[in-house]
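# Just need the structure, nothing else, for what follows:
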Amino acid sequence: MAASVSWWKVVLAFVVAVFVGSVLGSLVQTQFNLQALEALGVRISMGTRLETSIHDLVNFAPLYAILFGVGFLFSVGIASLVVRLAGNSGRVWLYPLAAAAGLWATLRIVDALAPMPTLIAATRDSGGLMAMLATAAISGWLFAMLVSGQTGRVSGRSVPLVALMLAGGLALPAPDAAAEEGSGYEIETVAQGLEHPWSLAFLSDGRMLVTERPGRLRMLTAEGELLPDPLEGVPEVFASAQAGLFDVLPARDFEQSRMIYLSYACGTPEANHTCLARAELGDHRLENVTEIFRAQPAKEGNAHYGGRLAWLPDSTLVLTLGDGFDYREQAQRRENHIGSIVRLNPDGSVPADNPFAGSDRYQGEIYSYGHRNVQGLVYDNEQDRLIAHEHGPRGGDEINVIRPGANYGWPVTTHGLDYTGARVTPFKEREGIEPPLMHWTPSIAPSGMTLYSGDLFPQWRGDLLIGGLASRQVHRVRLDNGQAQEVGVHFGELDERIRDVRSGPDGAVYLLTDSADGRVLRVTPE
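Residues are numbered from 1 along each chain as shown. As a prediction, this is how the structure comes out:
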């Protein structure tokens, strides 16, 4: 080998190796994602496969090039240093090994820092991860061949410059904010100092219950005073990231039974569930706490639990669930509860008229399936319909009218992309799958939802008010003749994540803000 290699040859070799690795990595992740859909029985034509691969090369590969390029920069640099110190420039095999190790370390760091459990979906299982690492190894071998093994002479300035060039100009576009209506309302702080409040419920005597995600249930008096101490007796909650205490719902006969229902995450980081318990509300604690439902099977991670509750007119209870993020294909398999909405009797048993009640194969609690993460739920008494919304990934937040036994598509159909820009699926519609009434793309990250029926805002009566975590607004949506249309956005001046929206018995609109110093807000006409 030559004694030295010019810096431009090293830089060129780096660029070529990162380019090849990014292209190969993109193609691999696309094929593994499509393979996961095919395992659900979805037929994917060669044309669709090719078109999806090209889409991901344009939308996923640039982001992946940054991640891969940074790891590759450090890994081949370390490999070069080892070869030089060992005095043996012929160890070509060290560069593929270093490149694979660099990608593995990069993926682990990104997954630990990113909000989602696994950023690149193809790496959720060992087969996809090993295939991605193999593409990195090919790039390491290519780099070694191009520079004839003299990578120990890499300039300390040139390769970092290449990495910066690859990163330049790739910032994702921010969603355009919808125009906000004139206010016409006043916003009053009822309570503050709440740690990530999640849900609000009104009691018949004027008091209010508020859940805090870390696992506390708080009481507000009829005068709006927040009692300093949480209620005792709350079930043990697994609190981490999105996991915690979720919804609180009084029983339909609360005045007689004093019964309330709580949804929450339970278990450990390695094995956890969405759980449902009921208890009697005492003066300062919960009594006779009983777990009545636990979603099966257990899952690992701390994302996508659903957790919203609603009563149907026949006194059955509906609980929304999530797909656990890394388990998205399970939302199409009715053998488990993942990615479904379940319907229960008040004691947690299966209603005899559930769509899969009595099945030897499917879970009898399932009311609908094919959901990603349902965090908005209301029953419309006037129109006799159950309305839900769910989070999409990068876009594809949906509003749906829920029909018993229906499939709502995730992850076979969606209008959204994965957070990396890759396609989750080639399909937005498919026979046998319920299409959404409407969707938000880009995503607003919808949260709590109410169907406003009060008298203080007659112009809003019959509209859905939906909190936005990402949009930091409340979105007003009108349902008419089987169609849904956003007709206004409100409260953007707060510039806060809106976790829950409720219609109060006084006709006011109540909001929960999602922060470590969260508030209960009351909205009345100006």
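# CA atoms for contacts and neighbours, from now on please.
Noted.
# So which elements touch the helix or strand harbouring H55?
Using DSSP states H and E, the element containing H55 is helix 46-59. Applying 3 or more Cα pairs under 8 Å, 6 or more residues apart in numbering; DSSP states H and E, one finds that helix 46-59 contacts helix 7-38.
# What average pLDDT does the helix it packs on get?
Averaging pLDDT along helix 7-38 yields 95.
# and it with helix 46-59, angle?
Compare the direction of helix 7-38 with that of helix 46-59 by axes from the mean of the first three to the mean of the last three Cα atoms, to 10 degrees and you get 140 degrees.
# on that earlier part again, for the helix holding H55, list every residue counted as buried.
For helix 46-59, the neighbour count (16 or more other Cα atoms under 10 Å) marks T52, S53, I54, H55, D56, L57, N59 as buried.
# And stretch 300-310, by the same measure?
Applying a neighbour-count criterion of 16+ other Cα under 10 Å, one finds E300, G301, N302, A303, H304, Y305, G306, G307, R308, L309, A310 buried in stretch 300-310.
# got JSON lines for the buried residues of helix 46-59, with pLDDT too?
Conversion of the buried residues of helix 46-59 to JSON lines gives the following (pLDDT from 0 to 100):
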{"residue": "T52", "pLDDT": "98"}
{"residue": "S53", "pLDDT": "98"}
{"residue": "I54", "pLDDT": "98"}
{"residue": "H55", "pLDDT": "98"}
{"residue": "D56", "pLDDT": "98"}
{"residue": "L57", "pLDDT": "98"}
{"residue": "N59", "pLDDT": "97"}
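# Nearest to L464 among those?
N59 (33.9 Å; Cα to Cα).
# Distance check, that closest one against C275.
With distances taken as Cα to Cα, to the nearest Å, N59 is found 38 Å from C275.
# Same question for P442.
Counting by Cα to Cα, the separation of P442 from C275 is 31 Å.
# These two: who's more crowded?
With neighbours defined as other Cα atoms under 10 Å, P442 and C275 compare such that C275 has more, 25 against 22.
# Give me the pLDDT for that one.
Predicted confidence (pLDDT) for C275: 98.
# now swap in W198 and tell me
98.
# which helices and strands sit right next to the host helix or strand of it?
Using DSSP H and E, W198 sits in strand 197-202. In terms of contacts (3+ Cα pairs under 8 Å, 6+ apart), strand 197-202 is packed against strand 208-212, strand 245-250, strand 498-503, strand 509-513.
# run the last query once more with 6 Å
Identification of packing neighbours for strand 197-202 by 3 or more Cα pairs under 6 Å, 6 or more residues apart in numbering; DSSP states H and E yields strand 208-212.
# C-terminal to the strand it packs on, what's the next element?
Downstream of strand 208-212, the next assigned helix or strand under DSSP H and E is strand 216-220.
# Please state the offset of that following strand from the chain centre?
Mean-position distance between strand 216-220 and its chain equals 26 Å (Cα atoms, centre = their mean, to the nearest Å).
# cool, stretch 314-326 as well?
15 Å.
# Pull out the buried positions in that stretch.
For stretch 314-326, burial by neighbour count (16+ other Cα under 10 Å) applies to T316, L317, V318, L319, T320, L321, G322, D323, G324, F325, D326.
# now swap in stretch 429-445 and tell me
Judged by neighbour count (16+ other Cα under 10 Å), stretch 429-445 contains these buried residues: I433, E434, P435, P436, M438, H439, W440, T441, P442, S443, I444, A445.
# What residue, apart from its backbone neighbours, is nearest the fourth one spatially?
Taking Cα to Cα, 6 or more residues apart in numbering, and ignoring the residues beside it in sequence, P436 has N400 as its nearest neighbour in space, at 5.1 Å.
# cool, and V489?
Once flanking residues are discounted, V489 sits nearest to H475: 4.5 Å by Cα to Cα, 6+ apart.
# and that neighbour, what are its bridge partners?
Applying DSSP bridges to H475 gives these bridge partners: I466, V489.
# Which residues are in contact with it?
Applying Cα atoms under 6 Å, 6 or more residues apart in numbering to H475 gives the contacts L465, I466, V489.
# Recalculate using a threshold of 7 Å.
By Cα atoms under 7 Å, 6 or more residues apart in numbering, the contact list for H475 reads L465, I466, G467, E486, G488, V489, H490.
# so what's it scoring on pLDDT?
Reading off the model, H475 has pLDDT 98.
# again with S148
pLDDT, S148: 62.
# 25 is where my numbering starts, stick with that
All right, first residue 25 from here; so that's S172.
# what number of residues lie near P482?
Close neighbours of P482, defined as other Cα under 10 Å, add up to 11.
# now do the one 4 residues further on
The burial metric for G486, expressed as a neighbour count using other Cα under 10 Å, is 18.
# swap in the one 3 residues further on?
A count of nearby residues for L489, using other Cα under 10 Å, gives 27.
# Equivalent analysis for E247, please.
Neighbour tally, E247, other Cα under 10 Å: 10.
# Check the spacing between it and D347 real quick.
According to Cα to Cα, E247 stands 40 Å off from D347.
# Can you give the domain ranges for this protein?
Domain assignment for the chain, taken from automatic domain parsing, gives 31-191, 209-549.
# lowest-confidence stretch among these?
domain 31-191 (a mean of 87).
# buried subset of the contacts of H499?
By 16+ other Cα under 10 Å, the contacts of H499 give L489, I490, G491, E510, G512, V513, H514 as buried.
# Give me the nearest residue to the last one, chain neighbours excluded.
Nearest residue to H514 in three dimensions, chain neighbours excluded: V498, at 5.1 Å (Cα to Cα, 6+ apart).
# Tell me the bridge partners for R242.
In this entry, R242 is beta-bridged to V234, by DSSP bridges.
# wait, what's in contact with it?
L233, V234, T235, P254, L255.
# let's see 10 Å
Applying Cα atoms under 10 Å, 6 or more residues apart in numbering to R242 gives the contacts 218, 221, 224, 232-236, 250-256, 308.
# Tell me how far it lies from D277.
With Cα to Cα as the criterion, R242 and D277 are 21 Å apart.
# Kindly report the same for L51.
L51 sits 57 Å away from D277, going by Cα to Cα.
# So for the two, which residue has more residues nearby?
Between L51 and D277, L51 has the larger neighbour count (other Cα under 10 Å), namely 21 against 11.
# can you map out the strands along the stretch 375-524 of the chain?
Secondary structure of the stretch 375-524 of the chain by DSSP state E, counting those that start in this stretch: the strands cover 390-393, 398-404, 409-414, 421-426, 462-464, 470-475, 488-492, 498-504, 507-514, 522-527.
# just so I know, which of those lies nearest P120?
With Cα to Cα as the criterion, P120 lies closest to strand 421-426 of the strands of the stretch 375-524 of the chain, at 40.9 Å.
# the inter-axis angle of the closest one versus strand 507-514?
Counting by the same axes, to 10 degrees, strand 421-426 lies at 130 degrees to strand 507-514.
# tilt between strand 421-426 and strand 498-504?
Going by the same axes, to 10 degrees, strand 421-426 makes 40 degrees with strand 498-504.
# what residues does strand 421-426 touch?
Against strand 421-426 from outside (Cα under 10 Å, 6+ apart): 365, 391-393, 395-398, 400-403, 409-416, 432, 438-440, 458-470, 501, 506, 508.
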